[in-house]
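Chemist: Below are the sequence and a predicted model; questions follow.
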Amino acid sequence: MIETAQAFGIDIGGSGIKGAPVDLGEGKFACERLRIPTPEESTPIAVAGIVKQILDHYEVEDGTPIGIAFPAPVKPGRPLDFMANLDQSWVGVDINELMCEQTGRTVHVVNDADAAGLAEAQFGAAKDVKGLVIATTLGTGIGTALIMNGVLVPNTELGHLLLDDKGDSEKYAADSVRSAKELTWKKWGKRLTKYYHLLEHYFSPDIFVVGGGVSKKSDKFFPYIDIKTPIVPAQLLNDAGIVGAAYYASTF
């Protein structure tokens, strides 16, 4: 593997599986990432095969910290009980055990939103922030990560908090809703204000970090989010899952 890398990260998504060696001193890729399309039949064995292919491509040795960002709540030692964007045959699978067996290496799996949040807290927009960081990803849904003084509180699903008579938060304020309803940035910002107000009320965070592809256009909707807590766009963007997964693995 590349000499400047201290760990390796893989990000499993519904359309692509991406991996790269990560320089944990800089919080960035040690070389160009490799992306392979997610198999159409995204079964556990098929996806694990792609993960092994990526690790073999970079000649990653067992003993290297290897982290995998995965789109579901992950509880070590327990099987998955929910799957949204991959084949339903994942339900009931112990993903850590499966990945170790299929790749021939020790790996550590973490929820993808948690991985992105860790990356931002360690290397990005929330670096050196003391107290509670809430990282949110605005996309098809709303993903969340809670990091308290650098320590992850895993598997939060705060995108599903109920907003009074509006119901599930992500069905009211996700970026996909903005697009589908052709909301102006101002109208969407008002919806986001209601969501972030709710998080403020329950958690009193020290900072919000907003990720997802739309974060690149934060100047268009941030002015319409009227909250007291500092709110900043994510810095690592699409690299966050890989970098955060690698960092997570390095903590074991």
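Modeler: Nice, I can see it. Numbers count the residues shown, from 1 in each chain.
Chemist: Please list the residues outside the lengthiest helix in the chain that contact it.
Modeler: Ordering each helix of the chain by length in residues (DSSP state H) puts helix 185-203 first. Contacts to helix 185-203, defined as CB atoms under 8 Å, 6 or more residues apart in numbering, come from residues 132, 134, 138, 142, 146, 158, 161, 163, 166, 169, 172-173, 177-178, 183, 205, 208, 220-229, 231. C-beta: built from backbone N, CA, C; applies to glycine.
Chemist: residue ranges with poor pLDDT in this protein?
Modeler: Counting by pLDDT under 70, the chain has low-confidence residues at 1-5.
Chemist: any idea where the strands of it begin and end?
Modeler: Assigned by DSSP state E, the chain shows strands spanning 7-12, 16-23, 28-29, 34-37, 66-70, 108-111, 132-138, 142-148, 151-153, 162-163, 167-168, 207-211, 231-233.
Chemist: Give me the packing partners of the last one, helices and strands only.
Modeler: Helices and strands in packing contact with strand 231-233 are listed as strand 207-211; criterion 3 or more CB pairs under 8 Å, 6 or more residues apart in numbering; DSSP states H and E.
Chemist: re earlier: tabulate the strands of the chain in JSON lines, adding columns for mean neighbour count and distance to residue 96.
Modeler: Listed next are the strands of the chain as JSON lines, based on neighbours: other CB atoms under 10 Å; distance: least, CB to CB, whole Å:
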{"stretch": "strand 7-12", "mean neighbour count": "29", "distance to residue 96": "13"}
{"stretch": "strand 16-23", "mean neighbour count": "23", "distance to residue 96": "17"}
{"stretch": "strand 28-29", "mean neighbour count": "18", "distance to residue 96": "24"}
{"stretch": "strand 34-37", "mean neighbour count": "14", "distance to residue 96": "21"}
{"stretch": "strand 66-70", "mean neighbour count": "29", "distance to residue 96": "9"}
{"stretch": "strand 108-111", "mean neighbour count": "26", "distance to residue 96": "5"}
{"stretch": "strand 132-138", "mean neighbour count": "25", "distance to residue 96": "23"}
{"stretch": "strand 142-148", "mean neighbour count": "24", "distance to residue 96": "19"}
{"stretch": "strand 151-153", "mean neighbour count": "15", "distance to residue 96": "16"}
{"stretch": "strand 162-163", "mean neighbour count": "14", "distance to residue 96": "32"}
{"stretch": "strand 167-168", "mean neighbour count": "13", "distance to residue 96": "29"}
{"stretch": "strand 207-211", "mean neighbour count": "24", "distance to residue 96": "25"}
{"stretch": "strand 231-233", "mean neighbour count": "19", "distance to residue 96": "32"}
